[in-house]
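Q: dropping the sequence and predicted coords here.
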Amino acid sequence: MAIAATLSSKKAAYIKDRLKVLDRVTNESVQVLDVLGHTLYELTNITAPIRSRATALTAAQRNIAGTKAALDELLDHLNTGRRVQPMLEAGPGRDLHAFLDGLHELEQTTSYLQQHTSLTAVSQALQHSQALFNRALEQCDSDFRSSLTTGSRACATPAAWLRGKLDVKVTDSNCDELVVHLVPPELLPKLRRMVGIMADAHYTPAQQGYTAARQKVLLQVLQESGLELPPASAVVQLAPDQLDRYITNWSLQVKALTVLLLSEKRLAAAIWPESLAPHLLSQVAAPHLTALLAAGHQVVEVRKAPDRVFALLDMHRTISGALPPLSSLLTDGASHQILADLARLQLVVASAAASLFTEYAESVARDSSKVLPLDGTIHPLTAQVLSYLKRLLGYEHAAEVLFGDCHPDSDGNEQEEGYVPADTVARDALGTGIARLLMQLLDNLEVKSRGYKNEALAALFMMNNVHYVQWSVESSPGLSLLGVAWLERHKDAVEDWGAQYHKLTWMPLIELLKVEPPSDIAKVKLMLKDTFTAFNTAIERIYTHQSGWTIPDHMLREAVKRVIKDDLLEPYQDFLRRCDAVDDQDGCCWYGHVTCAANPQHGQGC
């Protein structure tokens, strides 16, 4: 323990000595630093004037260099107009790249000088540069229009190609197949660069020139394709056949314009900046679409004849096919109103078509023609109405067009209980409308049948016409929407009218043959004679009156003949058997047979 205490004492004494040395060195260092600080302070005071003059000289040198560079830049810009003037005056036709480079350089110079108008020497140079720049832009615009016109002429859309594409439905998948080059591809870089210069300079006449040129080309293509339309104001003066051709051309022009705008969109996107291309495409299409809208409204106003509904259905189908591709093509805000007007025209056309269908049904009910077929065959009104309906149902969306507004108000939730799709409602409504039309037709025909003096002919007439209506409905897929119950009712009606004809024509003969003979043989002889005479006379009368009557349907004719045979033959055979029985007793029937044989005409009737 004593040794450990001794060692600790020595270590403590050693550390104490080291600390004293460190403290002495620290004090000496502080004194040295104080001396150096004082010396540095004195040196700073001595060099302060030198540093101040050096800083000023450096700033002056920097200012001089900047001023010299600015002055050189100013002088260069002041000289730009004189330097590029020869190549600009030479025009783009001589050296297009040099011309465009000079124009671009002059544009930068003009922009630069406009920022330094406070300098006296700038105003004159700026005026010269602006005048030279404007003249150069005019030359560039002129060459742009000339090049565009020449290129458009070289790649004119063939009329035969366009007419061959009018029946093709435009979709996203086949757009590339319907696009053609409107200018030579090698011309596009030149046009694009010229447009870039003029667009940067906000030179709007170039846009106006492009729009006018492409509008003219579109009009020429339509004219060469034979699709040009007279002014809308001339529609009122057109004859019915001319109006039909006008509507046909109207529909074809809508389709043609839709196809042509696909190529126009690609051309505009290839030449103009993305911010301008949609607007220019809209400007190119606007006058043509506006003219078509005006013509469409005018056609709706003049198509008042009920049987003209098919022209309106054609127009509606055309608009329905054109609206989706046009909506994807014309995305500029200015086109929204035109597209809205086109959709509104579609609604107007549908409303007019529905009104014409209603008017047609009313005209059928009001038809007061007194002319009746002498042979009781199909009335022209019946044939016309059935032909009308078959043609009407040949349009795929006829139900939606004519009755598309009859769907009950709902939020369109298909999961809602009791929800019925709009197309189903429209189809049911069309079926109801057709059933009402056919009922009005048959009611009118029944009234007309009263014009026959012969009731049997009237019944035959109604049987023929009701059967034709029933057969047309049964054999037409479109008319099948009337349902099985409707068909069964009208089959019963055919049988009823056939029974009426049978009752009026043949039942008197059948009743004549069923007369019971008297018990007195002498009276029997006289009765048989009278019966044969009356029977032959009736047959002769039927033959005389009805030999010109017609049942045009073979199956119906055979059915009527079969009923007559079944109902008449058995009573006649029974009558002959009774005659033979009397003949065996007294020979009284021999007179009747001889009478029939003696008169071949009557015998033929028998």
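A: Happy to help now that I have it.

Q: ok, how many other residues are close to residue 65?
A: Using other Cβ atoms under 10 Å, residue 65 has 10 other residues around it. For glycine as for every other residue, the C-beta is placed from the backbone atoms N, C-alpha and C.

Q: state the helix or strand in which it lies.
A: Following DSSP states H and E, the helix or strand that holds residue 65 is helix 2-89.

Q: on the three-state scheme, residue 293 is what?
A: When the structure is reduced to helix, strand and coil (DSSP: H, G, I helix; E, B strand; the rest coil), residue 293 reads as helix.

Q: that one contacts residue 338, correct?
A: Yes - Residue 293 is in contact with residue 338 according to Cβ atoms under 8 Å; the separation is 7.4 Å.

Q: hmm, back to that, so what does the helix holding residue 65 touch, helix or strand wise?
A: Identification of packing neighbours for helix 2-89 by 3 or more Cβ pairs under 8 Å, 6 or more residues apart in numbering; DSSP states H and E yields helix 96-114, helix 120-154.

Q: out of residue 293 and residue 338, which sits in the busier spot?
A: residue 338 (19 against 16).

Q: list the helices and strands the helix or strand residue 243 falls within packs on?
A: Element membership for residue 243 (DSSP H and E) is helix 240-271. Judged by 3+ Cβ pairs under 8 Å, 6+ apart, the packing partners of helix 240-271 are helix 159-164, helix 188-200, helix 205-224, helix 277-302, helix 309-329.

Q: and these: which comes nearest residue 501?
A: Residue 501 lies closest to helix 309-329 among the helices and strands packed on helix 240-271, at 35.8 Å (Cβ to Cβ).

Q: give me the buried positions along the closest one.
A: Of the residues in helix 309-329, 309-323, 325-326, 329 count as buried by neighbour count, 16 or more other Cβ atoms under 10 Å.

Q: below-threshold pLDDT in the stretch 251-400 of the chain: ranges please.
A: Under the criterion of pLDDT under 70, the regions of the stretch 251-400 of the chain flagged as low confidence span 303-304.

Q: er, the chain actually
A: 1, 66-133, 303-304, 405-421, 516-522, 581-606.

Q: Three-state assignment for residue 378, please.
A: Applying three-state DSSP to residue 378 yields a three-state assignment of coil.

Q: test my guess that it contacts residue 463.
A: No - taking Cβ under 8 Å as the definition, residue 378 is not a contact partner of residue 463, at 11.0 Å.

Q: neighbour count: the two, which is higher?
A: Each of residue 378 and residue 463 had its neighbours counted (other Cβ under 10 Å), and the higher figure belongs to residue 463 (25 against 20).

Q: now do the buried residues in the helix or strand harbouring that one.
A: Taking DSSP H and E as the definition, one finds residue 463 inside helix 455-475. Applying a neighbour-count criterion of 16+ other Cβ under 10 Å, the buried positions in helix 455-475 are 456-473.

Q: right, and the helix or strand after that helix?
A: Scanning the chain past helix 455-475 towards its C-terminal end, the next helix or strand to appear is helix 484-505 (assignment: DSSP H and E).

Q: list the buried residues for that next one?
A: Of the residues in helix 484-505, those scored as buried under the neighbour-count criterion (16+ other Cβ under 10 Å) are 486, 487, 490, 493, 494, 497, 498, 500, 501, 502, 504, 505.

Q: any idea how far the second one lies from residue 427?
A: Counting by Cβ to Cβ, to the nearest Å, the gap between residue 487 and residue 427 amounts to 17 Å.

Q: what does the last one give?
A: With the distance defined as Cβ to Cβ, residue 505 ends up 42 Å from residue 427.

Q: same question for the fifth one.
A: Note on residue 494: its distance to residue 427, by Cβ to Cβ, is 26 Å.

Q: so what's the gap between the helix holding residue 65 and the chain middle?
A: 81 Å (Cα atoms, centre = their mean, to the nearest Å).

Q: same question, stretch 279-299
A: In terms of Cα atoms, centre = their mean, the centre of stretch 279-299 is found 15 Å from the chain centre.

Q: again, but for stretch 495-513
A: Between the mean C-alpha location of stretch 495-513 and the chain-wide mean there is a distance of 57 Å, by Cα atoms, centre = their mean.

Q: put the alpha carbons of it into PDB.
A: Below are the C-alpha coordinates for stretch 495-513, written out as PDB (Å, rounded to 0.1, in the frame of the first residue of the first chain):
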ATOM      1  CA  GLU A 495    -112.300 -16.400 -91.700                       C
ATOM      2  CA  ASP A 496    -115.300 -14.200 -90.700                       C
ATOM      3  CA  TRP A 497    -115.300 -12.300 -94.000                       C
ATOM      4  CA  GLY A 498    -114.900 -15.600 -95.900                       C
ATOM      5  CA  ALA A 499    -117.800 -17.000 -94.000                       C
ATOM      6  CA  GLN A 500    -119.800 -13.900 -94.900                       C
ATOM      7  CA  TYR A 501    -119.000 -14.300 -98.600                       C
ATOM      8  CA  HIS A 502    -119.900 -18.000 -98.300                       C
ATOM      9  CA  LYS A 503    -123.200 -17.200 -96.600                       C
ATOM     10  CA  LEU A 504    -124.200 -14.700 -99.100                       C
ATOM     11  CA  THR A 505    -123.200 -16.600-102.200                       C
ATOM     12  CA  TRP A 506    -123.500 -20.400-101.500                       C
ATOM     13  CA  MET A 507    -125.800 -20.800 -98.500                       C
ATOM     14  CA  PRO A 508    -129.000 -20.100-100.600                       C
ATOM     15  CA  LEU A 509    -128.000 -22.900-102.900                       C
ATOM     16  CA  ILE A 510    -127.300 -25.200-100.100                       C
ATOM     17  CA  GLU A 511    -130.600 -24.400 -98.400                       C
ATOM     18  CA  LEU A 512    -132.400 -24.900-101.700                       C
ATOM     19  CA  LEU A 513    -131.000 -28.400-102.000                       C
END
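
Q: flag every buried residue along stretch 423-439.
A: Going by neighbour count (16+ other Cβ under 10 Å), the buried part of stretch 423-439 is 425, 426, 427, 428, 429, 430, 431, 433, 434, 435, 437, 438.

Q: restricted to helices, list those.
A: When DSSP state H defines the helices, the subset of the buried residues of stretch 423-439 inside them is 425, 426, 427, 428, 429, 430, 431, 433, 434, 435, 437, 438.

Q: how far away is the fifth one from residue 490?
A: By that I understand residue 429. 21 Å.

Q: quick one: end-to-end length of stretch 327-341, please.
A: End-to-end distance for stretch 327-341: 12 Å, by Cα to Cα, to the nearest Å.

Q: repeat for stretch 146-165
A: The first and final residues of stretch 146-165 sit 30 Å from each other (Cα to Cα).

Q: that stretch: how far from the chain's middle?
A: Here stretch 146-165 is found 25 Å from its chain centre; the criterion is Cα atoms, centre = their mean.

Q: again with stretch 227-238
A: Here the centre of mass of C-alpha atoms in stretch 227-238, compared against the chain's by Cα atoms, centre = their mean, lies 21 Å away.

Q: and for stretch 233-242?
A: Here the centre of stretch 233-242 is set off from its chain's centre by 24 Å, with Cα atoms, centre = their mean.

Q: show me what counts as buried in that stretch.
A: Of the residues in stretch 233-242, 235, 238 count as buried by neighbour count, 16+ other Cβ under 10 Å.

Q: quick check: end-to-end length of it?
A: Between the opening and closing residues of stretch 233-242 there is a gap of 14 Å (Cα to Cα).

Q: what's the neighbour count on residue 398?
A: Applying other Cβ under 10 Å, we find 24 residues neighbouring residue 398.

Q: what is the neighbour count of the nearest residue to it once chain neighbours are set aside?
A: In space, residue 398 comes closest to residue 392 once its chain neighbours are excluded; the distance is 5.6 Å by Cβ to Cβ, 6 or more residues apart in numbering. For residue 392, the neighbour count with other Cβ under 10 Å is 22.

Q: quick check, nearest of the buried residues of helix 484-505 to residue 352?
A: Proximity of those to residue 352 was ranked by Cβ to Cβ; the top entry is residue 486 with 28.4 Å.
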